[in-house]
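1. Sequence first, predicted coordinates after that:
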Amino acid sequence: MKKVILIVSFIFFISALFAQEVVSSAGKTQNNSGYEVSWTVGEPVISTIFSESNKLTQGFQQSKLIITAINKISNSKNVVTVFPNPTNEFAVVKYNQMPDEHSYSIFDLTGRCLKSGLINSTETQINLVEYAKSSYLLKIFQGNGYQIQTFKIIKQ
């Protein structure tokens, strides 16, 4: 009898090491004062769905990813960089050559446009002092309104 209990206990112990499983129906992430807490209550499906421009992974707690460039400029020799990131005061949008009629918009994570402006040099400084500590999306547009690149800016 002791041998059976020992074997069953060993199997449960080993399976607990390798089988991290959750059945979830709710969850949430909260941010406060530079800390983030994320929890899950039940997740019945684990899958990854791909399309030409998107990737969606659901199931279990996803690791925290910091994405700085969301879209890439297609078929362009003009390289755009944004620095410093994270920042306290401003972000600089830098091109390796003069852009043709480009503009930018800053969005909060609810999708509300906070600020827009023209890019008329190889380096454009965007003042972020007035905004709270958070993450923002910086979208770069061509003159015809076509969005060419999106950056995630972290304001500290």
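-> All right, it came through fine.

2. Please name the bridge partners of the closest residue to residue 134 other than its chain neighbours.
-> By the measure of Cβ to Cβ, 6 or more residues apart in numbering, the closest residue to residue 134 outside its immediate chain neighbours is residue 155, 5.8 Å from it. Any C-beta I mention is one placed from the backbone N, CA and C, and that applies to glycine too. Counting by DSSP bridges, residue 155 is bridged to residue 87, residue 134.

3. so where's this protein uncertain?
-> Judged against pLDDT under 70, the low-scoring parts of the chain cover residues 10, 12-27, 34-48, 50, 54-76.

4. Quick one: residues contacting residue 87.
-> The neighbours of residue 87, taking Cβ atoms under 8 Å, 6 or more residues apart in numbering as the test, are 128, 153-156.

5. Quick check: the gap between residue 29 and residue 109.
-> 11 Å (Cβ to Cβ, to the nearest Å).

6. domains of this protein?
-> Domain ranges of the chain: 2-58, 80-155, per automatic domain parsing.

7. can you tell me the distance between the two ends of stretch 113-131?
-> 12 Å (Cα to Cα, to the nearest Å).

8. show me where this structure has helices.
-> Assignment of helices within the chain using DSSP state H yields the ranges 2-18.

9. can you pull out the strands in it?
-> With DSSP state E as the criterion, the chain has strands at 24-32, 35-42, 47-50, 55-58, 80-83, 90-95, 102-107, 113-119, 123-127, 134-141, 147-155.

10. would CSV of these with distance to residue 9 and mean neighbour count be doable?
-> Compiled in CSV, the strands of the chain are given as follows (distance: least, Cβ to Cβ, whole Å; neighbours: other Cβ atoms under 10 Å):
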stretch, distance to residue 9, mean neighbour count
strand 24-32, 28, 11
strand 35-42, 27, 11
strand 47-50, 33, 9
strand 55-58, 34, 10
strand 80-83, 55, 16
strand 90-95, 56, 18
strand 102-107, 54, 18
strand 113-119, 58, 14
strand 123-127, 60, 14
strand 134-141, 46, 18
strand 147-155, 47, 18
